[in-house]
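J.: no sequence for this one, just the structure:
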């Protein structure tokens, strides 16, 4: 994946249509590499999570083109490439697995990032009903070794509909139930990259299963 890192590094310094058009062939080659990587990961993740189904890599890989309509930043291209592997692909509201490639900021992870309100309420409800089960999953030694923290975007008070005196109310304040683990560029470019990714995603599977079951139960 060194070629992908190189391309993205240069794109960051030349984020304009003229440069991109001149290097479109390089982009297409990088996209093919990410598609192939995603196919490998889908195959390996399917061995322990049958819920993802028969996914096509093209339905999981994100576009590199930015939507600049409502953004002050008008640079046209993302400077990362990534895939969201979940039942239904990248546009799904299902809980899933994410691979992010970006020079100096690559990571692997997943869960549910910025879910719609009804899905978020479903997950909070299941955690409220089964707090010990959820805490056992996210606070186990093996899990925290890979994913030490949630993405820390939280409400300041208890979410609507839940009692403020709930002992684990802090767990319900999260706006996302998402996790990530950084990966050094040297690993991204190495032969051990897929093994590293799959090992990290396998650790996430029990949490994803809990959250997906919550969505299926309460929505």
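T.: Looks like it arrived, so ask away. In this text, all values refer to a predicted model and were calculated from it rather than measured experimentally.

J.: which residues of the protein fall in strands?
T.: Secondary structure of the chain (DSSP state E): strands located at 81-85, 96-101, 107-112, 177-182.

J.: Show me what the shortest one is packed up against.
T.: So that's strand 81-85. Secondary-structure packing of strand 81-85 (3 or more CB pairs under 8 Å, 6 or more residues apart in numbering; DSSP states H and E): helix 24-45, strand 96-101. C-beta coordinates here come from the backbone N, C-alpha and C atoms, glycine included.

J.: Centre of the chain to it, how far?
T.: Between the centre of strand 81-85 and the centre of its chain there are 7 Å (CA atoms, centre = their mean, to the nearest Å).

J.: What are the contacting residues of that strand?
T.: Defining contact as CB atoms under 8 Å, 6 or more residues apart in numbering, one finds that strand 81-85 is touched by 4, 8, 30-31, 34, 37-38, 41-42, 45, 52, 55, 57, 60-62, 64, 90, 92, 96-102, 110.

J.: quick one on the thing from earlier: how about the strands of the chain in CSV, adding mean neighbour count and distance to residue 213?
T.: Shown next, in CSV, are the strands of the chain (neighbours: other CB atoms under 10 Å; distance: least, CB to CB, whole Å):
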stretch, mean neighbour count, distance to residue 213
strand 81-85, 24, 18
strand 96-101, 24, 14
strand 107-112, 24, 12
strand 177-182, 21, 13
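
J.: Next, format the ones you listed as CSV and append mean pLDDT.
T.: Listed next are the strands of the chain as CSV, based on pLDDT from 0 to 100:
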stretch, mean pLDDT
strand 81-85, 97
strand 96-101, 98
strand 107-112, 96
strand 177-182, 96
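
J.: Quick one: closest of the helices and strands packed on strand 81-85 to residue 77.
T.: Residue 77 lies closest, by CB to CB, to one member of those: helix 24-45, at 8.9 Å.

J.: ok and that closest one relative to strand 96-101, angle-wise?
T.: Helix 24-45 runs at 140 degrees relative to strand 96-101, counting by axes from the mean of the first three to the mean of the last three CA atoms, to 10 degrees.

J.: remind me, longest helix of the protein?
T.: helix 193-218 (DSSP state H).

J.: helices or strands up against it?
T.: Packing partners of helix 193-218 (3+ CB pairs under 8 Å, 6+ apart): helix 24-45, strand 96-101, strand 107-112, helix 117-129, helix 131-138, helix 141-146, strand 177-182.
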